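Student: Kindly return the folded structure for what I paste below:
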Amino acid sequence: METLTNLESFVRSAELGSFSSAARRLGMTPAAVSRNVATLESNLKLRLFQRSTRSLALTEAGERFLHSIRDQLESLQGAIAEASNAQSEPAGVLRLSMSPTFGVEYILPTLPEFMRKYPRIRPEWMFENRQVDLIAEGYDAAIGGGLDLTPGIISKTLAPAHIIAVASPEYMQDRVPPNDPSGLVELDGIVMRSMRTGRIRQWQMQSVSGEEQPALLTERIVVNDPAAMRRAAILGLGVAMIAKPDALLYLENGELIRLLPAWYADAGPISIYYTNRALLPAKTRVFIDFIAEASQRERWPERLAGTLG
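Tutor: Coordinates of the predicted model:
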């Protein structure tokens with residue numbers, strides 16, 4: 001009978017394409033993962049991988065073996081995790097990646113309550129404007145938008161990511177507010193260049209009645225960070241298209257005003273991403289449930305929607 005460790009080392013190495021990535025995911029050394037796979041191959045009397053200095057590829061026998069055991073392995077791991085979780089208090093390091101503004105303004109304020117409920121969990125939270133690879137980088141979960149739902153990754157929506165046009169009251173004091181997105185071109189635009197593509201981000205706005213128009217801002221100031229766009233707008237430097245979650249606190253305190261309150265652009269949902277639920281450790285499972293409950297309690301879906309002025 002093969003050990004669970006050998007089988008998991010093989011499956012994760014096949015999914016991630018390297019022993020190093022599998023080792024990060026499993027909390028082991030690459031040498032240990034390689035040794036486990038070699039033991040499995042020896043016991044099966046099969047070569048499962050073609051190895052080179054630059055790549056790791058499954059053989060035909062390896063492909064067949066992966067197909068035959070992957071679901072059974074996950075079911076077994078899920079049963080073990082469920083039995084373990086039922087008998088123990090959630091504990092351990094909770095590694096979470098999230099976008100800086102949404103993370104600091106909305107997720108971080110929930111932390112005192114979460115730590116009171118689960119004192120044995122130690123948060124290790126990274127605030128970063130990038131798409132992470134949950135499995136390869138060893139994260140328990142990620143919060144943001146636009147992550148690829150690769151095999152084994154699922155998501156739960158927390159709030160919409162609606163983009164709205166904002167400016168400071170001082171900037172708009174002697175200017176005529178636009179009636180529709182075409183009027184934005186007459187104002188100074190604060191725009192963002194994507195670090196991933198190098199392009200200026202353009203938005204297609206839609207009205208609450210269903211009409212669509214492009215938001216063609218004049219490129220007066222170019223930055224590469226949403227928080228910088230918001231700050232430049234607060235300073236009275238022009239109009240910025242930013243996510244309503246990023247703008248809400250400043251709309252409420254009067255530092256920003258919303259232009260075109262009947263118009264918004266849809267950037268998709270803000271979600272929490274995590275691996276297949278059956279395999280979740282207790283620390284991750286309780287955090288996902290906790291944040292989902294916080295989202296409903298704080299009415300994020302309603303308050304952060306661009307359809308509400």
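
Student: Give the phi and psi angles for Phe10, as a check.
Tutor: phi -70, psi -50 (degrees, to the nearest 10).

Student: Test my guess that it contacts Thr39.
Tutor: No. Applying C-beta atoms under 8 Å as the test, Phe10 and Thr39 come out as separate, 9.9 Å apart. Bear in mind the C-beta positions are built from the backbone N, C-alpha and C, glycine included.

Student: where along the stretch 51-200 of the chain do the strands fall?
Tutor: With DSSP state E, counting those that start in this stretch as the criterion, the stretch 51-200 of the chain has strands at 56-58, 92-98, 121-127, 141-144, 153-167, 188-192.

Student: and those as a markdown table, adding mean pLDDT and distance to Ala294?
Tutor: Shown next, in a markdown table, are those (pLDDT from 0 to 100; distance: least, C-beta to C-beta, whole Å):
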| stretch | mean pLDDT | distance to Ala294 |
| --- | --- | --- |
| strand 56-58 | 90 | 41 |
| strand 92-98 | 92 | 13 |
| strand 121-127 | 93 | 15 |
| strand 141-144 | 92 | 11 |
| strand 153-167 | 92 | 9 |
| strand 188-192 | 95 | 28 |
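
Student: Tell me which of the ones you listed sits nearest to Ile221.
Tutor: Ile221 lies closest, by C-beta to C-beta, to one member of the strands of the stretch 51-200 of the chain: strand 188-192, at 4.7 Å.

Student: Stretch 14-33 - what's its average pLDDT?
Tutor: When pLDDT is averaged over stretch 14-33, the result is 86.

Student: Need the contact partners of that stretch.
Tutor: Identification of contacts with stretch 14-33 by C-beta atoms under 8 Å, 6 or more residues apart in numbering yields 8-9, 12-13, 34, 37, 48-49, 55-56, 58, 62, 66, 135-138, 151-152.

Student: redo that, cut-off 7 Å
Tutor: If you take C-beta atoms under 7 Å, 6 or more residues apart in numbering as the criterion, stretch 14-33 is touched by 8-9, 12-13, 34, 56, 58, 62, 66, 135-138.

Student: buried residues in that stretch?
Tutor: Going by neighbour count (16 or more other C-beta atoms under 10 Å), the buried part of stretch 14-33 is 14-16, 18-26, 28, 32-33.

Student: got it, and stretch 138-158?
Tutor: For stretch 138-158, the neighbour count (16+ other C-beta under 10 Å) marks 138-145, 147, 153, 155-158 as buried.

Student: Can you get me the start-to-end distance on that stretch?
Tutor: Using C-alpha to C-alpha, to the nearest Å, one end of stretch 138-158 lies 22 Å from the other.

Student: Show me what that stretch is in contact with.
Tutor: With C-beta under 7 Å, 6+ apart, stretch 138-158 has contacts from 24-25, 94-99, 102-103, 107, 131-132, 134-135, 161, 267-277, 283-284, 287-288, 291-292, 295, 300.

Student: distance of Trp9 from Gly189?
Tutor: One thing to correct before we go on: residue 9 is Ser, not Trp. According to C-beta to C-beta, to the nearest Å, Ser9 stands 52 Å off from Gly189.

Student: neighbour-wise, which of these two wins?
Tutor: Of the pair Ser9 and Gly189, Ser9 is the one with more neighbours under other C-beta atoms under 10 Å, namely 25 against 21.

Student: surely that one meets Asn36?
Tutor: Yes. Here Ser9 lies in contact with Asn36, judged by C-beta atoms under 7 Å, at a distance of 3.7 Å.

Student: Among the contacts of stretch 138-158, which lie within helices?
Tutor: 24-25, 102, 134-135, 283-284, 287-288, 291-292, 295, 300 (DSSP state H).

Student: Can you tell me the closest non-neighbouring residue to Met192?
Tutor: Arg201 (5.2 Å; C-beta to C-beta, 6 or more residues apart in numbering).

Student: Could you pull up the contacting residues of the one you found?
Tutor: 191-192, 194.

Student: Low-confidence ranges, this protein, go.
Tutor: 1-2, 74-75, 77-88, 146-149, 151, 277-279, 309 (pLDDT under 70).

Student: what does stretch 301-309 contact?
Tutor: Defining contact as C-beta under 7 Å, 6+ apart, one finds that stretch 301-309 is touched by 159-160, 162-164, 208, 244-245, 248, 258, 261, 264, 295.

Student: Render the CA-only coordinates of that stretch in CSV, please.
Tutor: Output in CSV follows, covering the C-alpha atoms of stretch 301-309 (Å, rounded to 0.1, in the frame of the first residue of the first chain):
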residue,chain,number,x,y,z
PRO,A,301,-23.1,43.9,-2.1
GLU,A,302,-25.5,46.8,-1.7
ARG,A,303,-23.2,49.6,-0.4
LEU,A,304,-20.4,48.9,-2.9
ALA,A,305,-22.6,48.7,-6.0
GLY,A,306,-22.3,51.4,-8.6
THR,A,307,-26.0,51.3,-9.3
LEU,A,308,-26.6,53.1,-6.0
GLY,A,309,-25.5,56.8,-6.3
